[in-house]
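Participant: I would like to see how this sequence folds:
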Amino acid sequence: MFKSLDILTVLGLMVALAAIIGGNILEGGKTQTLVQLTALVIVLGGTLGAIMVQTQRSTFLRAVQMFSWVFTPPEVDAEATIKKIVGWSQTARKEGLLGLETIADKEQHDFSRKALQLLVDGSEPETIRNILEVDIISTETSRMDAAKVYESMGGYSPTIGIIAAVMGLIHVMNNLADPAALGAGIAVAFVATIYGVGLANLLFLPVSNKLKSLVNTQTRYYEMVMDGVSSIAEGENPRNIETKLQGYLL
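Facilitator: Residues are numbered from 1 along each chain as shown. Have a look, this model is predicted:
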């Protein structure tokens, strides 16, 4: 399940682009001077190639899949889940752990379903915690690695932009016989630097940090479910379980 469009992300991109384009216009520049397809191809292609060399295939594909999270983050409704867990604990007290079997079969969230199944199978609280902790750590690690792909892209793109700028200057130097074209040629060369630095600081690094934040939120959510199910296995009072889990909402 995913939330609706993250308005803050869209608004942030619009504000950043408006500030750059608007500032260029206020300085008397023309917007079309910032549009250079060749420079964009070099910066994006070079950055993508570098990150493909660096990254394992599974991590790269996961990073591509997670990009949509920036605009439509995964839904994490902690309050509703706390109510569900309290309901599970009340069912367990009234009907025993086997009373949760039907609930486990209907649970849509994979992690919660696995936790409930461990509970129904009569696993010890420590065993439940150990098994779920492995899941949490491995999931967090793989998703953090995917988020770091964009962080690395933010490191490569400015350098690729400089490479593209130098290439453009070389082209300019080869045409010194035409002084009238030197100014425009140099301007085009430096647009590549703008692309490299701009993509790093307006897209790649913000995307990486946003994904890391979302992964941390999901990890806390999984830990909350683990604590709740472990508490049920330990036979804690539903009211105490609710009080404990409310701490995750702070």
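Participant: Let's check: the centremost residue of the protein is which one?
Facilitator: Most central in the chain under C-alpha atoms, centre = their mean is Leu211, positioned 1.8 Å from the mean C-alpha point.
Participant: for that one, what are its contacts?
Facilitator: In this structure, Leu211 makes contact with Met66, Trp69, Val70, Arg143, Ala146, Ala147, Tyr150, judged by C-beta atoms under 8 Å, 6 or more residues apart in numbering. Any C-beta I mention is one placed from the backbone N, CA and C, and that applies to glycine too.
Participant: from what I can see the third one touches Leu8, true?
Facilitator: Right, the one you point to is Val70. No - checked against C-beta atoms under 8 Å, the pair Val70 and Leu8 is beyond contact range at 10.3 Å.
Participant: The two: which is more packed in?
Facilitator: For Val70 and Leu8, the more surrounded residue by other C-beta atoms under 10 Å is Val70, and the numbers stand at 19 against 9.
Participant: distance between the worst-scoring helix or strand of the chain on mean pLDDT and the chain's centre?
Facilitator: Of all regular secondary-structure elements in the chain, judged by mean pLDDT, DSSP states H and E, the least confident is helix 182-199 with a mean of 81. Centroid separation for helix 182-199 versus its chain: 30 Å, with C-alpha atoms, centre = their mean, to the nearest Å.
Participant: Stretch 162-175 too?
Facilitator: The gap between where stretch 162-175 is centred and where its chain is centred comes out at 36 Å by C-alpha atoms, centre = their mean.
Participant: Distance-wise, check Ser208 relative to Val149.
Facilitator: The span separating Ser208 from Val149 equals 8 Å under the rule C-beta to C-beta, to the nearest Å.
Participant: Just want to know which of those two has more residues nearby.
Facilitator: Here Ser208 and Val149 are set side by side on neighbour count (other C-beta under 10 Å), and the busier one is Val149, at 25 against 22.
Participant: ok, now how distant is the more buried one from Gly155?
Facilitator: Distance of Val149 to Gly155, given as C-beta to C-beta: 11 Å.
Participant: all strands for the protein, in order.
Facilitator: Listed in chain order, the chain contains no strands at all (DSSP state E).
Participant: Any stretches of the chain with poor pLDDT?
Facilitator: Scanning the chain with the threshold set as pLDDT under 70 gives 1-3, 178-185, 250.
Participant: at 90 what do you get?
Facilitator: By pLDDT under 90, the weakly predicted segments of the chain are 1-6, 17, 19-40, 74-77, 97-99, 108-109, 122-123, 164-192, 249-250.
Participant: Tell me how many other residues crowd Ala233.
Facilitator: Number of residues near Ala233 (other C-beta under 10 Å) recorded here: 22.
Participant: and what of Arg62?
Facilitator: The number of residues packed near Arg62 is 17, by other C-beta under 10 Å.
Participant: try the one 4 residues further on
Facilitator: Counted by other C-beta under 10 Å, the residues lying close to Met66 total 19.
Participant: Next, find the distance separating it from Phe60.
Facilitator: In this structure, Met66 and Phe60 are separated by 11 Å, where distance is defined by C-beta to C-beta.
Participant: what's the answer for Ala177, then?
Facilitator: Using C-beta to C-beta, we find Ala177 at a distance of 45 Å from Phe60.
Participant: That concludes my questions; thank you for your assistance.
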